[in-house]
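Student: Fold the following for me, if possible:
(2 chains)
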Amino acid sequence: MPLAIHQTLIAAAPGDAVTNSALEMRRLLRAVGPSEIYALHIHQDLIDVVRPLSAYRGDMQREPPRMMIVHLSMGDATWLGFVLALRCSLAISYHNITPAAYFEPWDPELADFLRFGRATMPALAARTELAMADSSYNADELTAVGFSDVHVAGLIIDPFQLARFEPERRVLDAANSRPGPTILHVGQLFPHKRIDIVLQSFAELLTRGRPDATLVLAGASRLTSYRRAVDRLVADLGLTSRVIITGSISQHAMSAHYRSADVLVTASDHEGFCVPLVEAMAFEVPIVARGCAAIPETAGEAAVVLHKDRSAVSIAIAIDELLDDRSAADALRRRGRNRTQEFTLERQRRRFLEALANAL
Amino acid sequence: MKPDNDDAAIHLLLDRIRRRTEREDEPRVAPSLLQHFTPPVDVAAVAAEEKAQRSIGELRTLRTGLAGFASSSRIPGGSLFHRVIGRSVRRDTQQLADRIDLLIQQIADVVEATAGSLLELEHAREVEFERIRRFDRERTAETVERLQSTFDAARAELHSLREDVAKNTEFIRLQEFRPPFSNIAYGDRFRGSRSDLLLRYHDVAQRLVDTGGSVLDLGCGRGELIELVMAKGGVARGVELDPELVDFCRSIFLDVVQTSATEALEAEPDDSLGGVAMIQVVEHLTAQELVETIALAHRKLRTGGRLAIETVNATSPFVFTRSFFCDPTHTTPVHHEYLQFVLEQAGFIAVDISFRSPVPNVDQLPPIGSSEPCTDEHPNADEGSGDDHDPIQQLESAVNDRFGQINRFLFGAQDYLMVATK
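Tutor: Numbering: from 1, shown residues only, chains lettered A, B, ... in the order given. The predicted structure is shown next:
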């Protein structure tokens, strides 16, 4: 008797960590039975790979599922409605739902969705056979709202995936022609990423003997109101000529940005795992981070992790010191390289399968 | 480098960072989220305010500078001339300076007031913006709720309307034909006068009265059958779609309502009626309406009750050349064998049929040698028995036989009456 285990998520996009995890899980699940991924929004490159939510009912008439793995990240009323109406048993893969307060001033509707997402978690807990979380930080959040036996598993990412993409030549050339160091921030421009702190620390860095440094903010900026505020702050701090905001870019371009970075910086208030840290380790880029949420857990000993109360000036100082200290930077690179072994595909697959075997 | 050295290198780095950050004594990250987000707005506002204050300050200093110049007008030498010139210059300069001071004072006041109100305006704009945003969200929620309830009400309304429409389809269909002439005039011309009809439906009325129950006449027209039933001591009511006919019936105190046959039947309790009459009605109905009305009548009649249906005889070609198409509201003729089948299927046990309204003789083929039409019987059977073998008479008789057949085929009775008992 084959085991039909399907997955659902809000948005499937190439290069997205949750999508990649789902695809990897599907590869594993198809060894034991039929397995599909159902998504509300599907990037056009994945149209033939991921199925739309609307196909679910028709599909299920042929094959009733044993279990649905629900990838819980952002909120969306339509998708949560779909999830809550499912009749099969549920497995939750929790990638963290950003607290709504961060989005309230910028996009109240999105904030409502996030609030709704968190509000539904206790209801999901009651129906969940298997709870998985990307980090112990996420696991604690699940436990707090009523999930039990939470496994730290379910995020299956290949730290070296981006490194295998041929770097975009144009990006490399532009980076090589810059005289000073390149500070890289990877992630969507969202309020909880605290781009304001990143920019202020970069402004501090420029005044501390690094006037020729460049800051690259690599990642999509879909929240236009926040993007406008970021642009305004860049102008107010006089950084216009020193900051590059890439917007949504290809994996080739992202690979090139990692390759040409001297330091990866993150000031985020809230991360359930923080994939860029692991990617930076794979690219051997030393990291300076504020130690919020799951960041200390993911970074381990392989990064300069500042106390979460530290802000712009401390980050600037840490970057400044790191740029000066070649032997410490090299040491951090080696530690990062070692740390990636914690996140090898093999280990993550095994963790996922062990968790799944427990529930079946 | 060995791991030990790595540890040491990193330790040194972290140590340096710690020392420097402690020295810098930076402000901690403010706990309030909104405060985090305000820098993009505040930086601009604070910068604007500082700039305004600086400009005002500069204007004030400018004033002091001019006053100083005026009061320190010291021309070297001690001669009277110099003193006189000095005083004069000083006086003129003083006046000029006072005027400039006054002017600057006024400019400074205006600038200060303007800057102040601009900042207030900016603040008010932010407050107002926030208020509008909240108001919008509340309004949106309210509107959605209102729309939802309106939508629900509309859906319920639509549902009941749809039911009404289904119920009244027959009514509406028959109402669609609105000729500019009176139905009473039409009836007088094509149905015969009231007294004709009173004579004509005597027997029908009797058979309905015999049931002992109340009679409902569907499509009662000018109410002749109702009158007949009442004259025979029965109780009868009528149903008619045409408002003019309804008014007429009411004017002669008959109990008639304007509604459709099905609706009138629906309103009756089951197993209650003694008789239901449909005189010249079924040819107006669609096939579906016919079976439904008959089934409904069966349900409403009590056991032993009778349904009397009179309609045109579909087997008589004469009917279709003379009368059937004189009524534009006729839908289809109903064949008596089919109607009998429908009645039996509806559960009626005894179905009795009689053909009525024979075609007047004048319209039929008269036999040779007679002005009387050829009928079933040999027209001349009783006369001239001794001439049986007269070849002329034999030919006449053979032709008249054929005429009889043709008459029976072409001039069959115009109507038939079917009385079915439950």
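Student: helix/strand/coil for the residue in the stretch 301-422 of chain B that chain A sits nearest to?
Tutor: Of all residues in the stretch 301-422 of chain B, the one sitting closest to chain A is residue B:345 (40.8 Å; C-beta to the nearest C-beta). All C-beta spots, glycine's among them, are computed from the backbone N, C-alpha and C. Per DSSP: H, G, I helix; E, B strand; the rest coil, the local secondary structure of residue B:345 is helix.
Student: Can you give me the pLDDT of it?
Tutor: What the model reports for residue B:345 is a pLDDT of 93.
Student: Same check on residue A:6?
Tutor: For residue A:6, the predicted pLDDT is 94.
Student: Distance check, whichever residue of the stretch 51-200 of chain B sits closest to chain A against residue A:112.
Tutor: Of all residues in the stretch 51-200 of chain B, residue B:137 sits closest to chain A, at 6.2 Å by C-beta to the nearest C-beta. Note on residue B:137: its distance to residue A:112, by C-beta to C-beta, to the nearest Å, is 9 Å.
Student: Next: residue A:236.
Tutor: 30 Å.
Student: Check the burial of residue B:211 by counting its neighbours.
Tutor: 19 (other C-beta atoms under 10 Å in any protein chain shown).
Student: For the residue of the stretch 301-422 of chain B closest to chain A, the count of nearby residues, please.
Tutor: 12.
Student: one step back: if I read this right, the residue of the stretch 51-200 of chain B closest to chain A contacts residue A:107, doesn't it?
Tutor: No - Residue B:137 is not in contact with residue A:107 according to C-beta atoms under 8 Å; the separation is 11.8 Å.
Student: So which of those two has more stuff around it?
Tutor: Each of residue B:137 and residue A:107 has its neighbours counted (other C-beta under 10 Å); residue A:107 has more, 19 against 13.
Student: Identify the residue spatially nearest to the more buried one, adjacent ones excluded.
Tutor: Counting by C-beta to C-beta, 6 or more residues apart in numbering or on different chains, residue A:107 lies nearest to residue A:223, which is 5.9 Å off, once chain neighbours are set aside.
Student: ok, the one you found - contacts?
Tutor: A:103, A:106, A:107, A:110, A:188, A:189, A:190, A:191 (C-beta atoms under 8 Å, 6 or more residues apart in numbering or on different chains).
Student: make it 7 Å
Tutor: A:106, A:107, A:189, A:190 (C-beta atoms under 7 Å, 6 or more residues apart in numbering or on different chains).
Student: so what pLDDT did it get?
Tutor: Predicted confidence (pLDDT) for residue A:223: 87.
Student: Ok, residue B:416 next?
Tutor: With respect to pLDDT, residue B:416 has a value of 94.
Student: Just to check, it is in contact with residue B:337?
Tutor: No - under the criterion of C-beta atoms under 7 Å, residue B:416 makes no contact with residue B:337, lying 10.5 Å away.
Student: What segments of chain B are helices?
Tutor: Applying DSSP state H to chain B gives helices spanning B:3-24, B:33-37, B:39-71, B:80-175, B:183-190, B:194-200, B:202-209, B:224-231, B:243-251, B:261-267, B:287-300, B:317-322, B:336-346, B:391-410.
Student: among the ones you listed, where is the model least confident on average?
Tutor: helix B:33-37 (a mean of 42).
Student: Could you give me the ChimeraX syntax to select whichever of the contacts of residue A:223 are buried?
Tutor: Listed next is the ChimeraX selection for buried residues among the contacts of residue A:223, using 16 or more other C-beta atoms under 10 Å in any protein chain shown:
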select /A:106,107,189,190
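Student: can you put the contacts of residue A:223 in a markdown table and add distance to residue B:10 and pLDDT?
Tutor: Below are the contacts of residue A:223 laid out as a markdown table (distance: C-beta to C-beta, whole Å; pLDDT from 0 to 100):
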| residue | distance to residue B:10 | pLDDT |
| --- | --- | --- |
| A:106 | 37 | 87 |
| A:107 | 40 | 86 |
| A:189 | 31 | 93 |
| A:190 | 30 | 92 |
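Student: And the contacts of residue A:223, which is closest to residue B:126?
Tutor: Nearest to residue B:126, judged by C-beta to C-beta, of the contacts of residue A:223 is residue A:106 at 14.8 Å.
Student: State the helix or strand in which the closest one lies.
Tutor: For residue A:106, there is no host helix or strand (DSSP states H and E).
Student: OK, contacts around it?
Tutor: For residue A:106, the contact set (C-beta under 7 Å, 6+ apart) comprises A:191, A:223, A:225, A:226.
Student: Secondary structure and distance to residue A:328 added to those residues, as JSON lines?
Tutor: As requested, those are exported to JSON lines (DSSP: H, G, I helix; E, B strand; the rest coil; distance: C-beta to C-beta, whole Å):
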{"residue": "A:191", "secondary structure": "helix", "distance to residue A:328": "32"}
{"residue": "A:223", "secondary structure": "coil", "distance to residue A:328": "36"}
{"residue": "A:225", "secondary structure": "helix", "distance to residue A:328": "39"}
{"residue": "A:226", "secondary structure": "helix", "distance to residue A:328": "34"}
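Student: now, which of these sits nearest chain B?
Tutor: Chain B has its nearest neighbour among the contacts of residue A:106 in residue A:191, at 6.5 Å by C-beta to the nearest C-beta.
Student: what residues are up against residue A:256?
Tutor: Taking C-beta under 7 Å, 6+ apart as the test, what residue A:256 contacts is A:167, A:168, A:171, A:172.
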